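Visitor: next one to model:
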Amino acid sequence: MVSDLLRRPLGHFAERSLAGLALVAGTGVGFGVLLLLVRVHWGPLYRADHETAAWFNELVSANDGLVTVLRAVTSLGGRPIMIWLVTIAVVGLLIRRQGRLAVYLIVTGLGALVLDPSLKELVGRLRPVVDIPVASAPGNSFPSGHALGSMVAYGALLLVFLPAMRPRWRRLATGLVIAVVVAVGVTRIALGVHYLSDVLAGWLLGLAWLGITAYAFRLWRRERGRPVRPLGEGLEPEAGREITPAPAEDRVLPHPRAAVAEVITGWVLVFGALYAFGMLVSYHVEGTFVATLDRKVPEWFAAQRTDTLNDVSHLASKAGDTHAILLVSLVFCPLAVAFWRRWRPVLFLALTMFGELTLFLASSHAVNRPRPQVEHLDGPLPTASFPSGHIAATMCLWVAIALLVVPRTDRWWRWLAVLAAVVMPLLVATSRMYRGMHHPSDFAGAMLLTALWIGLLWLVVRPNEELSAGGGQDSGGADAESWDSTRPSGSARPSGSTRPSGSARPNGSAGTVETAPSRSAQLSELDDELARAARPD
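Guide: Next comes the predicted model:
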């Protein structure tokens with residue numbers, strides 16, 4: 001009886017290994033056959049490639065809106081987005097003390113980055129030539145880097161984070177990944193930058209590389225004495241609790257409907273205050289100190305311009321544009337979830353930036369204030385002068401980050417967030433007025449927007465509620481349970497990492513709270529013990 005129990009993990013591992021090897025071998029052979037057919041210019045494949053490219057070009061080239069959509073979808077397979085996704089995931093896993101999974105993502109991603117340019121250089125296939133080009137891409141054509149990269153990046157992320165999902169959501173996540181990968185590949189053909197065979201080759205090669213790295217990871221687990229379970233459960237099923245985004249939070253807001261009503265009402269009131277202030281400083285202060293200041297300051301800055309200062313002000317101004325603000329937000333939000341294990345701070349920042357954007361656009365259109373009567377270094381812009389969108393976005397972003405960071409840590413670097421909340425808006429404001437794009441009262445309008453909107457969200461969302469409820473300052477690290485996922489049983493836990501008695505433990509796959517080990521957890525532990533007992537050593 002005992003020997004049968006000990007053989008069971010070995011049998012499961014052998015069956016799964018053979019199935020995985022067959023899949024990897026099949027995709028590898030498929031890629032090799034496709035590469036050979038491309039190299040020998042096999043007639044049916046050659047005709048299929050060129051006829052497909054011509055058909056898509058005729059369909060797409062006459063529709064500018066469709067081209068815009070295709071460009072947006074194809075960017076999901078571009079290196080900037082995929083590198084951002086993998087990098088953020090790696091940093092988050094390291095914060096949660098999941099080193100093995102971080103290494104897997106790094107190795108898998110680097111392999112894809114090496115395979116794509118190497119094979120393109122070896123094959124040397126030129127990109128399609130279509131009647132009406134709608135897009136261009138550098139380098140050679142075979143295989144499609146977007147198809148390869150999206151298969152590897154999204155597939156690897158799916159395998160890593162499957163344990164953090166409820167079982168009923170895993171199929172949906174898998175279907176979504178497949179849809180994204182397929183959509184990216186189709187857009188490459190439709191935009192005329194790849195042949196059909198390029199995309200098929202990218203998918204096959206990406207799937208083969210993903211299978212190889214997943215198989216290697218399973219062998220690594222086996223060597224560590226861990227059972228190898230179906231890939232449908234993810235690469236590291238027992239890490240589900242640690243990689244769940246917000247296991248410490250049952251509900252983001254206790255009364256979401258009331259909060260939505262309060263935010264909408266507050267938005268209307270803030271817009272009213274901005275409109276009243278904007279109309280006042282724009283059209284009803286002639287002959288006052290405010291009007292003199294709005295005229296003299298842009299003129300003084302214009303008189304100080306030099307080529308060097310123009311370049312410096314351009315860089316400072318870019319720190320407040322949409323791309324810079326979005327980049328900082330997309331880096332901060334995932335790291336905030338990884339550190340603090342709660343969605344509420346992210347909700348606070350997201351509502352701050354969304355509200356700032358909508359308030360700026362609405363008040364700018366309503367007030368419609370002309371820009372200063374000096375040379376505008378940024379040229380004509382689609383929005384009016386009041387309030388400054390660059391300054392308001394910069395101020396909202398960095399003030400919100402400071403409000404989240406300072407109460408949550410006692411480290412010295414929390415004051416860097418305060419410094420950024422002061423220096424960055426002043427830097428952007430100075431550059432915008434230097435470049436002749438805004439009056440000083442536009443700066444004041446941005447300050448009013450920031451104060452009123454962040455103050456409203458602070459009262460409604462309460463992003464640091466758990467601190468006032470007795471949570472205290474966060475250490476900024478992962479939970480004590482995630483101290484070291486690879487430590488041997490019986491090893492000491494680091495000091496200060498004990499869990500209060502009676503506290504609930506979050507469930508990995510469901511994200512809910514359980515006070516006693518579930519039956520599945522007990523079976524998992526038994527499986528681990530049997531696997532260790534079955535090891536040859």
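
Visitor: okay, CA-based contacts and neighbour counts for the rest of this
Guide: OK.

Visitor: burial measure for G272, as a count.
Guide: Applying other CA atoms under 10 Å, we find 14 residues neighbouring G272.

Visitor: show the subsequent helix or strand relative to the helix or strand where it lies.
Guide: Using DSSP states H and E, G272 sits within helix 256-283. Moving toward the C-terminus from helix 256-283, the next helix or strand (DSSP H and E) is helix 289-303.

Visitor: that following helix: which residues count as buried?
Guide: Applying a neighbour-count criterion of 16 or more other CA atoms under 10 Å, one finds 290-291, 294-295, 297-299, 301-302 buried in helix 289-303.

Visitor: can you list contacts of it?
Guide: 281, 285, 372-375, 433-436, 438-441 (CA atoms under 8 Å, 6 or more residues apart in numbering).

Visitor: hmm, 6 Å instead?
Guide: 285, 433-434, 436, 439-440 (CA atoms under 6 Å, 6 or more residues apart in numbering).

Visitor: quick one: the helix holding G272 to helix 289-303, angle?
Guide: 80 degrees (axes from the mean of the first three to the mean of the last three CA atoms, to 10 degrees).

Visitor: in helix 256-283, which residues are buried?
Guide: Using 16+ other CA under 10 Å as the burial criterion, the residues of helix 256-283 that qualify are 259, 262-263, 266-267, 270-271, 273-275, 277-279, 281-282.

Visitor: what about that helix, distance to the chain center?
Guide: Relative to its parent chain, helix 256-283 has a centroid offset of 30 Å by CA atoms, centre = their mean, to the nearest Å.

Visitor: will you turn the buried residues of helix 289-303 into CSV that also has pLDDT?
Guide: Output for the buried residues of helix 289-303, formatted as CSV (pLDDT from 0 to 100):
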residue, pLDDT
V290, 90
A291, 91
D294, 92
R295, 91
V297, 93
P298, 91
E299, 92
F301, 93
A302, 91
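
Visitor: any weak-confidence spans in this protein?
Guide: Residues of the chain meeting the criterion pLDDT under 70: 1-26, 469-537.

Visitor: buried ones among the contacts of helix 289-303?
Guide: Buried subset of the contacts of helix 289-303 (neighbour count, 16+ other CA under 10 Å): 433-434, 436, 439-440.

Visitor: next step: these restricted to helices.
Guide: In helices, judged by DSSP state H, the following of those are found: 433-434, 440.

Visitor: from the contacts of helix 289-303, which two are the most distant?
Guide: Spatially, the most separated pair among these is V285 and Y434, at 22.6 Å (CA to CA).

Visitor: touching, D442 and G389? I think so.
Guide: No: counting by CA atoms under 6 Å, D442 does not reach G389; the two are 9.1 Å apart.

Visitor: what about G320, which SS state?
Guide: At G320 the chain is in coil, as set by DSSP: H, G, I helix; E, B strand; the rest coil.

Visitor: got the phi/psi numbers for the closest residue to it other than its chain neighbours?
Guide: Counting by CA to CA, 6 or more residues apart in numbering, H390 is the residue found nearest to G320 once chain neighbours are left out, at 4.7 Å. When read as degrees, to the nearest 10, the backbone of H390 gives phi -60, psi -50.

Visitor: hmm, T322 and H390 touching each other?
Guide: No: between H390 and T322 there is no contact under CA under 6 Å: 7.9 Å.

Visitor: so between these two, which is more surrounded?
Guide: Relative neighbour count places H390 above the other of H390 and T322, with 23 against 14, counting by other CA under 10 Å.

Visitor: how much space between the more buried one and V428?
Guide: 7 Å (CA to CA, to the nearest Å).

Visitor: now swap in P247 and tell me
Guide: Following CA to CA, the distance that separates P247 from V428 is 38 Å.

Visitor: more neighbours: those two, which one.
Guide: More crowded of P247 and V428, by other CA under 10 Å: V428, with 27 against 24.

Visitor: for that one, what are its contacts?
Guide: Applying CA under 6 Å, 6+ apart, the residues near V428 are 316-317.

Visitor: do that again at 8 Å, thanks
Guide: Shown in contact with V428 (CA under 8 Å, 6+ apart): 316-317, 319-320, 390-391, 394.

Visitor: closest one to L381 out of those, please.
Guide: Nearest to L381 out of the contacts of V428 is H390 (CA to CA; 12.4 Å).

Visitor: wait, isn't that closest one in contact with D321?
Guide: Yes: H390 sits in contact with D321 when judged by CA atoms under 8 Å, with a separation of 5.7 Å.

Visitor: so R170 is in which element?
Guide: Residue-wise, R170 maps onto helix 167-190 under DSSP H and E.

Visitor: now the helices for the stretch 1-150 of the chain?
Guide: 2-39, 43-60, 64-74, 79-95, 99-123, 145-161 (DSSP state H, counting those that start in this stretch).

Visitor: packing partners of the second one?
Guide: Contact partners of helix 43-60 among helices and strands, from 3 or more CA pairs under 8 Å, 6 or more residues apart in numbering; DSSP states H and E: helix 2-39, helix 167-190, helix 196-223.

Visitor: pull out the buried positions in it.
Guide: Those would be 46, 49, 53-54, 56-57, 60, for helix 43-60 by 16+ other CA under 10 Å.

Visitor: mind picking the two most distant members of those?
Guide: Y46 and V60 (21.4 Å).

Visitor: and for the protein, the residue most distant from the center?
Guide: Here the chain reaches farthest from its C-alpha mean at G287, the gap being 50.2 Å by CA atoms, centre = their mean.

Visitor: let me know whether W398 touches L416 as I believe.
Guide: No: under the criterion of CA under 8 Å, W398 is not in contact with L416, lying 10.5 Å apart.

Visitor: re earlier: between the helices of the stretch 1-150 of the chain, which one is closest to L457.
Guide: Minimum separation from L457 across the helices of the stretch 1-150 of the chain (CA to CA) falls at helix 79-95, 26.6 Å.

Visitor: roughly how far is that closest one from the heart of the chain?
Guide: 8 Å.

Visitor: report all helices and strands that that helix contacts.
Guide: helix 99-123, helix 145-161, helix 322-340.

Visitor: export these to TSV and tack on distance to P80?
Guide: Shown next, in TSV, are the helices and strands packed on helix 79-95 (distance: least, CA to CA, whole Å):
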stretch	distance to P80
helix 99-123	12
helix 145-161	11
helix 322-340	11
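
Visitor: hang on, the earlier thing: so what sits against both of H390 and V428?
Guide: The contact sets of H390 and V428 overlap at 317, 320 (CA under 8 Å, 6+ apart).

Visitor: give me the distance between L191 and G232.
Guide: Taking CA to CA, one finds L191 at 34 Å from G232.

Visitor: who's more crowded, those two?
Guide: Counting neighbours by other CA under 10 Å for L191 and for G232 shows that L191 has the greater number, 23 against 15.
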